[in-house]
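S.K.: fold the following.
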Amino acid sequence: MRVFLLLRLLAALCGSRARAKPNAGLKTWGRFARLPYPGDKAFLHDTFPEGFAWAAGTAAYQVEGAFDKDGKGLSIWDTFTRGGSRVATGDVGSDSYHNLRADVRAVAQLGLSHYRFSLSWSRIFPNGTRGSYNDVGARYYRTLIRRLREIRVEPVVTLYHWDLPEHLQRTLGGWSSPRLVEIFRDYADFCFQTFGDDVRYWITIDNPFVVARHGYGTGVVAPGIKNDADLPFRVGHNLLKAHAAVWHLYDRNYRPRQRGRLSMALASHWIRPSRTRLESLRECQCSLDHVLGWFARPLFTDGDYPPCMKARLGSRLPAFTPEESRRVRGTADFFALSHGAALSFHLINDSLKFGQQEELDLRMLLYWVSAEYDRPPIFVVQSGWYVLGNTKTEDPKHMYYLKRFISEALKSVLIDGVNVIGYTAWSLIDGFEWHREYGIRRGLYYVDFSTPDMKREPKTSAAFYRNVIQRNGFPELPENRPAQGVFPCGFAWGVSANSIQVEVAPSQFADPNVYLWNASNNGELRRLEGFRALPLRSTNCADFASVRQQVDEIRQVGLTHFHFSLNWSAVVHAGDAARANGTLLGYYRCFARRLLRANVTPVVTLWHHTRQRSSLPAALEAGGRWLNRETPAAFADYARLCYRELGAYVKMWITLNEPNDDVVSYQEAHQMLRAHALAWRAYDREYRRAQGGQVSLALHMDWVEPAFSFSREDVEPAKRVLDFRVGWFAEPVFGSGDYPPAMRSWLRQLNSLDLPAFNEEDRQLVRGTYDFFALSHFSTKLVTHAKEDPYTYIAMLEVQHMIDTTWIMSPRPVVPWGLRKALNWVKEHYYDVPVYVMANGVQEDPARFKDTLRVYYLYNYINEALKAYTLDGVNLKGYFAYALSDQRDPGFGLYGQVQEEIIVKASLSNYRNIIQHNGFPVKGAARQQCPGSPVPCTGCDVLKRPVLGFLTVVGSGALITMGVIIYYTVRRHRDSY
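M.R.: Got it, this is the predicted structure:
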């Protein structure tokens with residue numbers, strides 16, 4: 001919470017203003033680029049101000065149906081959907097006209113404070129004018145408003161949501177005619193007079209951009225006109241004048257008594273510059289001006305169009321007379337903002353992007369509106385996303401987009417200081433989706449269009465939205481707060497690396513080769529073939545400069561452990577352990593010895609699985625890899641070799657690192673498990689007593705979370721994925737000695753015989769072959785059973801992978817709490833087994849030496865590990881960050897590199913600080929005292945190096961002086977003889 005208070009203070013300093021200046025929104029992109037990353041992107045747990053308006057909305061043509069019932073006249077959509085290549089209509093829609101009670105019940109179930117709906121102009125005035133008044137139609141809306149007031153919900157009423165009476169289009173040309181200004185004013189006058197005593201929020205016209213550009217320009221929506229490139233601008237001009245006329249009518253005749261507020265609903269995309277140049281920022285500003293500013297600037301600024309539009313369109317853009325400008329300016333009591341799928345990514349084409357890149361960012365849009373139009377109160381009157389038309393009540397994508405948009409609005413209020421007064425989820429129920437017809441669904445409630453009564457059912461997004469409303473946002477829960485405390489004494493703090501740098505070329509003293517020195521030309525040494533000389537001495541560890549350098553880097557982190565992998569194919573190239581590479585084993589031995597001298601415990605992996613290459617010896621590679629039944633025995637022989645040669649220095653072994661990859665077949669995995677078991681048994685029987693080490697395998701375990709944690713239909717797929725990804729290797733070793741029952745059962749349902757069976761001998765061989773549970777964890781995925789995206793749908797497991805759009809991405813999601821859940825899964829399945837997090841890290845641009853994302857990642861993931869230990873009772877023994885250096889593990893390192901220079905990144909210092917404190921001790925608490933740990937010395941860190949340096953210089957000087965004195969004393973004594 002304190003972080004976000006600081007962010008808000010920074011935002012206030014960045015955004016302090018006098019009265020907004022023209023193009024004041026131009027500062028938006030620069031301001032957000034300066035906000036701290038990734039802290040500003042982290043999810044904000046907090047609540048909206050008291051009195052915040054929570055709404056949902058619908059539009060008449062989309063949901064009402066009854067297009068020709070009870071005297072209703074035709075609208076332009078009734079006509080438009082019957083022409084061209086269109087195949088569906090809104091004749092019935094969701095049949096809200098006959099399901100008023102069901103809609104009001106849905107509003108009540110959600111706990112809304114406001115409900116936005118539109119009036120069908122042609123239901124009240126069938127031909128568009130007062131003379132055709134239809135009392136039955138007006139009575140429907142009176143009943144709806146009364147029912148809403150009975151459940152204490154404020155109506156937000158839209159006068160015009162795209163469904164112009166067809167008669168006005170046919171006889172006058174619709175909004176292309178200036179005569180419609182007065183006709184619309186008269187229609188509004190009737191509505192204010194009839195409904196206004198019970199309505200506090202009015203929207204005159206919804207999304208005039210779509211009406212003008214796509215109704216009278218591209219022809220995508222009704223009335224579908226597309227033969228005059230300048231017509232949209234004349235239509236937009238008339239829409240603005242019609243709105244202004246209605247606002248003045250209300251302000252003069254109705255506001256004193258009804259005390260309502262009135263605005264025009266304006267929609268916009270968001271856009272970011274393709275380059276950092278000022279020209280790109282101006283193009284972004286111009287793009288917003290052509291969509292949102294087209295109508296917002298006349299209303300909120302100066303009664304005229306944006307200069308960018310005027311400059312680029314010239315005479316194509318109508319001009320306001322001084323009187324018209326005065327009448328239009330200031331005719332909005334709040335900023336009604338629409339955002340989401342209706343416009344972004346659907347109805348904005350490249351011509352309005354001006355070479356920039358469209359983006360979905362409600363928070364930045366809200367800030368831009370606030371800056372550009374002098375901080376008006378903003379009511380988000382339409383926001384949401386969509387799912388495919390075949391989706392029923394499980395709509396995870398819609399739910400997580402809602403979460404994203406609401407969280408962006410929350411940050412906008414609490415951090416950016418934008419005056420957002422309400423949020424409207426779109427829409428209440430499924431309906432006819434304009435040019436997309438029934439191909440998508442946007443409702444919080446599912447409508448079964450095949451049933452006579454259009455049955456409504458709440459979707460998961462409805463349950464989510466109801467919960468947000470009840471809590472007025474996302475209040476901080478205990479599990480969201482950082483934990484304070486320390487890990488146990490003896491906790492292993494480490495770093496994992498896929499490999500280490502190996503240089504086994506002999507030094508000049510141990511090299512038996514003979515060289516010629518080309519002194520007269522380029523000075524290079526050329527080895528003479530066939531000549532050998534006796535080396536001056538045998539190779540020793542001091543010859544390997546790379547060992548010293550790497551161990552020095554490891555020591556600077558302050559680690560207690562370092563995890564690295566051996567190269568099986570290099571140690572035993574031919575696959576025969578009897579013909580091992582002694583030089584390479586000597587290098588590994590030197591490396592392990594040097595680590596121990598630096599008080600760092602080596603943790604060694606015998607075989608590290610990678611997708612890129614198998615790393616098996618050549619003979620095994622050619623002989624079928626892991627499908628060869630001889631490979632496990634060869635691996636056990638290789639393990640014995642390593643235990644024998646390195647076991648005096650290595651007390652913690654990993655047989656197989658991350659073998660549980662989905663590219664590994666079930667048959668290969670079966671042999672891998674046998675190989676691990678043979679290697680473990682070999683150590684247990686032949687080496688443990690003398691060496692006293694521990695052996696296990698390390699499994700990759702990203703967490704899998706149900707998209708709907710309260711839905712059994714998603715909990716089961718999440719469990720299934722964990723069984724197939726983790727239990728696949730874990731259960732035979734740590735559990736029953738066989739594969740998970742749910743895994744076998746699922747494959748049996750699929751009539752698959754791919755999963756091998758353990759015979760009794762193998763079961764006894766594999767079961768219990770562990771000394772600890774080691775896992776690698778990097779990220780978290782969501783799964784649902786509802787198929788949405790074929791690219792991320794796993795058909796064999798019948799699960800849809802997805803992400804929460806509020807998560808920080810890099811490129812995988814950063815989800816710290818996933819580590820805690822993974823650790824608890826291990827505890828729940830395998831009780832008090834000792835657990836090591838053997839690799840945990842995040843990929844970040846290697847050029848970012850101030851790697852703030854990695855700093856954030858390590859702090860929060862380690863904090864979640866602390867919660868698992870202190871709160872959940874997980875027997876956690878150690879944590880290893882991944883990785884040491886970008887040189888070996890690009891993008892993951894605590895060290896960076898520029899050419900030959902090694903760079904210490906910010907994350908290294910932060911990780912070292914956590915290690916030194918053994919976690920996150922309570923401020924002011926006594927320092928944790930562990931057996932064998934040095935007693936802290938106040939001031940030692942400050943004085944140690946300078947004092948030692950000073951004493952060294954003084955001592956050296958004294959010795960030299962004494963040597964000189966003795967030399968000349970002896971010499972003078974000899975001279976005297």
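
S.K.: how close does the closest residue to Gly111 other than its chain neighbours sit to Ala56?
M.R.: Spatial nearest neighbour of Gly111, chain neighbours left out: Ile469 (4.7 Å); criterion: CB to CB, 6 or more residues apart in numbering. C-beta coordinates here come from the backbone N, C-alpha and C atoms, glycine included. Here Ile469 is placed at a distance of 10 Å from Ala56 (CB to CB, to the nearest Å).

S.K.: can you list the domain ranges for this protein.
M.R.: 22-473, 492-507+537-920 (the TED database).

S.K.: how far out from the middle of the chain is the longest one?
M.R.: Mean C-alpha position of domain 22-473 versus that of the full chain (CA atoms, centre = their mean, to the nearest Å) differs by 28 Å.

S.K.: what's the end-to-end length of that domain?
M.R.: 34 Å (CA to CA, to the nearest Å).

S.K.: about what we covered before: need the overlap of contacts for Ile469 and Ala56.
M.R.: 110, 112 (CB atoms under 8 Å, 6 or more residues apart in numbering).

S.K.: so which of those two has more stuff around it?
M.R.: Per other CB atoms under 10 Å, whichever of Ile469 and Ala56 has more neighbours is Ala56, with 29 against 21.

S.K.: could you look up the SS state of that one?
M.R.: Three-state call for Ala56 (DSSP: H, G, I helix; E, B strand; the rest coil): strand.

S.K.: now do Val291
M.R.: Reduced to three states by three-state DSSP, Val291 is helix.

S.K.: since we're on it, how many residues are nearby?
M.R.: 22.

S.K.: just to revisit the earlier point, after the helix or strand that contains the residue nearest to Gly111, which helix or strand is next?
M.R.: According to DSSP states H and E, Ile469 maps onto helix 460-471. Of the helices and strands lying after helix 460-471 in sequence (DSSP H and E), the nearest is strand 485-486.

S.K.: off-centre distance for that next one?
M.R.: With CA atoms, centre = their mean, you get 28 Å for strand 485-486.

S.K.: which elements pack onto it?
M.R.: Packing partners of strand 485-486 (3 or more CB pairs under 8 Å, 6 or more residues apart in numbering; DSSP states H and E): helix 852-870, strand 919-920.

S.K.: helices and strands around the following helix or strand past the first one, which ones?
M.R.: Pointing back at helix 852-870 there. Sequence order places strand 876-882 as the next helix or strand after helix 852-870, per DSSP H and E. Packing partners of strand 876-882 (3+ CB pairs under 8 Å, 6+ apart): strand 492-496, strand 561-565, strand 835-840, helix 852-870.

S.K.: apply 6 Å and report the result again.
M.R.: Here strand 876-882 touches strand 492-496, strand 835-840, going by 3 or more CB pairs under 6 Å, 6 or more residues apart in numbering; DSSP states H and E.

S.K.: and of these, who's closest to Gly131?
M.R.: Minimum separation from Gly131 across the helices and strands packed on strand 876-882 (CB to CB) falls at strand 835-840, 73.9 Å.

S.K.: can you tell me the strand partners of the closest one and which way each runs?
M.R.: Strand partners for strand 835-840, identified by DSSP bridges, are recorded as strand 773-776 (parallel), strand 876-882 (parallel).

S.K.: what comes into contact with the next helix or strand after the longest one?
M.R.: Secondary structure here is assigned by DSSP H and E; on that basis, the next helix or strand after strand 876-882 toward the C-terminus is strand 895-898. Outside strand 895-898, the residues that touch it by CB atoms under 6 Å, 6 or more residues apart in numbering are 846, 849, 885-887, 902-903, 905.

S.K.: just the residues contacting the one helix or strand Trp29 maps to, thanks.
M.R.: Using DSSP H and E, Trp29 maps to helix 28-33. Residues from elsewhere that reach helix 28-33 (CB under 6 Å, 6+ apart): 14, 281, 364, 367-368.

S.K.: where along the stretch 401-550 of the chain do the strands fall?
M.R.: 420-426, 440-441, 445-447, 456-458, 485-486, 492-496, 513-517, 525-532 (DSSP state E, counting those that start in this stretch).

S.K.: spatially nearest residue to the residue nearest the centre of the chain, not counting backbone neighbours?
M.R.: The C-alpha lying nearest the average C-alpha coordinate of the chain belongs to Trp807 (CA atoms, centre = their mean; 2.9 Å). Spatial nearest neighbour of Trp807, chain neighbours left out: Pro813 (4.1 Å); criterion: CB to CB, 6+ apart.

S.K.: what does Phe67 give?
M.R.: That would be Asp91: by CB to CB, 6+ apart, it lies 4.6 Å from Phe67.

S.K.: what about the one you found, how many residues close to it?
M.R.: 16.

S.K.: next: Tyr140.
M.R.: Tyr140 has 24 nearby residues by other CB under 10 Å.

S.K.: that one belongs to a helix?
M.R.: Yes: when three-state DSSP is applied, Tyr140 is found to be in a helix.

S.K.: next up, the contacts around it.
M.R.: Applying CB under 6 Å, 6+ apart, no residues contact Tyr140.

S.K.: how does it look with 10 Å?
M.R.: Contacts for Tyr140 were tallied using CB atoms under 10 Å, 6 or more residues apart in numbering; they are 64, 66, 69-70, 72, 96-98, 100, 119-120, 123-124, 134.
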